[in-house]
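>>> what shape does this take:
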Amino acid sequence: MKSIALIPARYEATRFPGKLMQLLGDKTIIRHTYENTVATLLFDEVIVVTDSPIIFNEIVENGGYALMSRGQHESGSERIAEAAADIDADVIVNVQGDEPFVKKQPLQDLLAVFGSDYQHHVQVASLMHEIHDEDLIINPNTVKVAIDNYSNALMFSRSVIPFRRDKTAKVTYYKHIGIYAYRKNALMNFTQWKSSPLEASEKLEQLRYLENGVKIKMVLTNESPVSIDTPEDLRRAKKLIGSI
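Numbers count the residues shown, from 1 in each chain. Just a heads-up that it's a prediction; the model follows:
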């Protein structure tokens, strides 16, 4: 099974423009993400896909592999699909550019879903982490996922799902970790569908798959990586590596 990791990297992030070029220790965020993904030794190729000459040069000048994409894409999936169209691969893993602490085990668990799926029932898979912190559960920046008995996603939302009307009911809440794996044809199909109503409302691209009848297999992990979405996240990340 040939697996490729593609890292979408947009320079003008809405909440934190230029965040991928911010220093975390002695390296930029995007370089941490790229090098840590390469270091897992799980992939035949690891490629940063970017609309920014600045990010492109940051990767290439430090010995990495990057591709330039056209500027206008609605989502990271659409950006990497542009690159994936000309790449020979069975499974493509979308590693978010703002995940500088990406680790081997969750990615290995994600790939294992496809390695054991000889009938190709699984088209898309992603990661989730159990959460208990009430602040995270109610925080709209924490994307929650509800699953069925077979660990397929029922719904993703920034709202609290499930809503616990019965306060005595035992409920498990899961945080969605935005790393995806797709069979190549599933990723290509994504680009042919229009943005769906739920996707537009929640601003969550994965809902386009659910609204088009494609199941997303969720893989439970104990890892909850620090994503860099805001300057506050960057400060937290710097404390983790002791750079401030």
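>>> quick one: the helices in the protein, in order.
All helices of the chain, identified by DSSP state H, fall at 29-39, 53-60, 76-84, 104-115, 134-138, 184-190, 197-202, 207-211, 231-241.
>>> so where's the chain uncertain?
Applying pLDDT under 70 to the chain flags residues 14-15, 71, 242-244.
>>> same thing but 50
243-244 (pLDDT under 50).
>>> regarding it, what is its longest strand?
strand 173-183 (DSSP state E).
>>> give me the distance between the residue of the chain positioned farthest from its centre and Ile147.
Largest separation from the mean C-alpha position in the chain: Thr168, at 33.5 Å (C-alpha atoms, centre = their mean). Using C-beta to C-beta, to the nearest Å, we find Thr168 at a distance of 22 Å from Ile147. (C-beta placed from N, C-alpha, C; glycine too.)
>>> for the closest residue to Glu205 other than its chain neighbours, the count of nearby residues, please.
In this structure, Glu205 finds its nearest non-sequential neighbour in Ser75, 4.1 Å apart by C-beta to C-beta, 6 or more residues apart in numbering. Using other C-beta atoms under 10 Å, Ser75 has 20 neighbouring residues.
>>> repeat for Asp90
Asp90: 14 neighbours (other C-beta under 10 Å).
>>> how many neighbours does Ile179 have?
22.
>>> ok, Ser224 next?
16.
>>> wait, it touches His129, no?
Yes: at 4.5 Å, Ser224 counts as touching His129 under the criterion of C-beta atoms under 8 Å.
>>> circling back: now the residue nearest to Glu205, what are its backbone angles?
The phi and psi torsions at Ser75 (degrees, to the nearest 10) take the values phi -150, psi 160.
>>> from Val122, how far off is it?
For Ser75, the distance to Val122 - C-beta to C-beta - is 21 Å.
>>> picking that back up, anything in contact with each of Ser224 and His129?
Residues touching both Ser224 and His129 (C-beta atoms under 8 Å, 6 or more residues apart in numbering) are Lys175, Ile177.
>>> could you report the neighbour count for the residue lying closest to Gln108 once chain neighbours are set aside?
Excluding the flanking residues, the one nearest Gln108 by C-beta to C-beta, 6+ apart is Leu42, at 6.0 Å. Leu42: 16 surrounding residues under other C-beta under 10 Å.
>>> can you redo the helices of the chain as a markdown table with mean neighbour count and distance to Ala66?
Below are the helices of the chain laid out as a markdown table (neighbours: other C-beta atoms under 10 Å; distance: least, C-beta to C-beta, whole Å):
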| stretch | mean neighbour count | distance to Ala66 |
| --- | --- | --- |
| helix 29-39 | 22 | 8 |
| helix 53-60 | 18 | 4 |
| helix 76-84 | 22 | 10 |
| helix 104-115 | 17 | 20 |
| helix 134-138 | 12 | 33 |
| helix 184-190 | 18 | 19 |
| helix 197-202 | 15 | 28 |
| helix 207-211 | 21 | 26 |
| helix 231-241 | 14 | 22 |
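>>> thanks a lot, see you next time.
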